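Enquirer: Let me see the structure of the following:
(2 chains)
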Amino acid sequence: MPILEVENLSVSFKQYTGLKQKTHKVISSLNVTLEAGEILAVVGASGSGKSLLAHAILGILPRNASICGVIKYAGEELTPDRQTVLRGKEIALVPQSVNFLDPLMRVGSQVRTSVKNGDAVSVQREVFERYHLRQEVEKMYPFQLSGGMARRTLLSTAMVSGAKVIIADEPTPGLDPDVIKEALNNFREVADNGCAVMLITHDIESALNIADKIAVFYAGTTVEVAPVENFKGHGEEIRHPYSKALWRALPQNDFIPIPGSQPHPSSLPAGCLFAPRCVMATPECRQVQPEMRKLRGGMVRCIHAT
Amino acid sequence: MQLEAKDIGFRYGNGPWLFQGVNLTLEPGEIVGITGPSGCGKTTFCRILAGFETPIEGTVTFNSAPLPKKGYHPVQLIFQHPEKAINPRWKMHKILNEGWKPNKEVLELLGIDREWLERWPNELSGGELQRFCVARALGPNTRFLIADEMTTMLDAITQTQIWHAVIEIAKKRKMGIVVVTHESKLMQRLCQRVIDFNDFS
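Expert: Coordinates of the predicted model:
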């Protein structure tokens, strides 16, 4: 049984222009499942709703957001009350922005507050050593840290929490390769011990080394879920045209971007959300949004994918 | 027209030297990479190059003269975290036009949507914000651009789009660029030579 299920999730934001109220749907019909012992890498366009998904699971969306659909944790619906009880204990977040650190608290103490079992100080020192943070760092305030050090502090906080589900929102940018490797191996280790990890990342190459599956997001929905083995070569085995374009844009591949940008939530196209930028698009694509369907051991939201 | 950093050394207070003896000469149109482990002072060095910080040792010169203290700064820095480099209480158009009025061509090249201009920073994604930060740094008098992990937060397609745009503008204007990144593949794609900060700590 999956430990975390997200079914048909949509998230909308209420906005006011003067007195006129507008609702923007930023996530629509999103489905993701997370199994214990598994790492799911979530990749996709910046602004495609990856962080919002993380925040929806934790129940920390801003107040003007409303959500539809069902999120289940261990088979039971994750209500706001349950979210409050579980977050930080059974479901931990590695936030994307280093602004999430308390600016007025020494970072060592911040990490210690999330230790549930054992001696907080020694657990914190152990995890700092693991991420190559010198001992004097624990006495520092966030403003005294480099970008990479702040990120390692955020990682430490989640790693010491003993959570069953870790949602890591871009945990690695700005870190050097050694620390990235250490952090990612650490995720693999906790997953092998029965934890479920959702790894939101742009670093597709590193994700491939440790993840089991990859979910690709575009404009607030999943366009593909695939086993990591499909991401190789020129991307022949990748199902969705957006995923293929993303793969080819990597500096180690062709480094050629497709033109245009992801549609804004206020002006989503009628049919397939990727159709306006897709070379394979036909008139059919512009009529209805395709459903997710099973294909070659993965899932894809495209009528032309083979 | 040359940006030259000579024997730069820096430390906070009486702490250990973050780095010492860093030399860098950047010619117009040249793209140089900086790499090294996190916390080794790459960002601090970038801040020194762009005049945000004064080095404890050594000098930075632009055109053989000290960096200007007044007027438009010829060395522009693009920060790693766009959300920390903008005023959260300003709308995007005000942020964009603070230094110069970027023309339509620049906005199009960077994929900045007209409609984003009327929004508040917290209504845009990191990738969208970074496009603004790049656009506002590309004023006509920018001679050197310091890109400190400029596209680390962005997806591969957006990263490639922004770099293609920046490189195109840089070529046209013979602008020099310093690229800080941990991504060795990106470094290989972009840079003519690379400085390893491991050598200075």
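
Enquirer: Residue 200: neighbouring residues, count only.
Expert: Chain wasn't specified; assuming chain A. 23 (other CB atoms under 10 Å in any protein chain shown). Just so you know, the C-beta spots here come from the backbone N, C-alpha and C atoms, and that holds for glycine as well.

Enquirer: Switch to chain B, please.
Expert: Neighbour tally, B:Phe200, other CB under 10 Å: 20.

Enquirer: ditto for B:Ile167
Expert: Residues near B:Ile167, counting by other CB under 10 Å: 15.

Enquirer: ok, it to A:Ala41 distance?
Expert: Using CB to CB, to the nearest Å, B:Ile167 is found at 29 Å from A:Ala41.

Enquirer: For the residue nearest in space to the middle of chain A, which residues are in contact?
Expert: Chain A has A:Ile200 as the residue nearest its centroid, 2.7 Å off, counting by CA atoms, centre = their mean. By CB atoms under 8 Å, 6 or more residues apart in numbering or on different chains, the contact set of A:Ile200 is A:41-43, A:50-51, A:53-54, A:96, A:167-170.

Enquirer: sec struct for the residue lying closest to A:Asp169 once chain neighbours are set aside, please.
Expert: Leaving aside its sequence neighbours, A:Asp169 sits nearest to A:Gln96 (CB to CB, 6 or more residues apart in numbering or on different chains; 4.1 Å). Counting by DSSP: H, G, I helix; E, B strand; the rest coil, the backbone at A:Gln96 sits in coil.

Enquirer: just checking, A:Gln96 touches A:Ser51?
Expert: Yes. Applying CB atoms under 8 Å as the test, A:Gln96 and A:Ser51 come out as touching, 5.5 Å apart.

Enquirer: Give me the common contacts of the two.
Expert: Taking CB under 8 Å, 6+ apart as the contact criterion, the common neighbours of A:Gln96 and A:Ser51 are A:169-170, A:200.

Enquirer: ok, those vs chain B, which is closest?
Expert: Nearest to chain B among the shared contacts of A:Gln96 and A:Ser51, counting by CB to the nearest CB, is A:Glu170 at 7.0 Å.

Enquirer: and the closest residue to the closest one other than its chain neighbours, how many neighbours does it have?
Expert: Distance criterion CB to CB, 6+ apart; nearest residue to A:Glu170, sequence neighbours excluded, is A:Gln96 at 4.4 Å. By other CB under 10 Å, 23 other residues sit near A:Gln96.

Enquirer: any idea how far the nearest residue to A:Gln21 once chain neighbours are set aside lies from B:Arg119?
Expert: Residue nearest to A:Gln21 in three dimensions, not counting chain neighbours: A:Lys14, with 6.2 Å by CB to CB, 6+ apart. According to CB to CB, A:Lys14 and B:Arg119 sit 15 Å apart.

Enquirer: How about the contacts made by the residue nearest to A:Gln21?
Expert: A:21-23, A:64-66.

Enquirer: Could you export the helix or strand where A:Phe217 lies as PDB, CA atoms only?
Expert: Using DSSP states H and E, A:Phe217 sits within strand A:213-218. C-alpha atoms of strand A:213-218 as PDB (Å, rounded to 0.1, in the frame of the first residue of the first chain):
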ATOM      1  CA  LYS A 213      10.800   6.700 -10.500                       C
ATOM      2  CA  ILE A 214      10.600  10.100 -12.000                       C
ATOM      3  CA  ALA A 215       7.500  12.200 -12.200                       C
ATOM      4  CA  VAL A 216       7.600  15.100 -14.700                       C
ATOM      5  CA  PHE A 217       5.400  18.200 -14.000                       C
ATOM      6  CA  TYR A 218       4.300  20.800 -16.400                       C
END
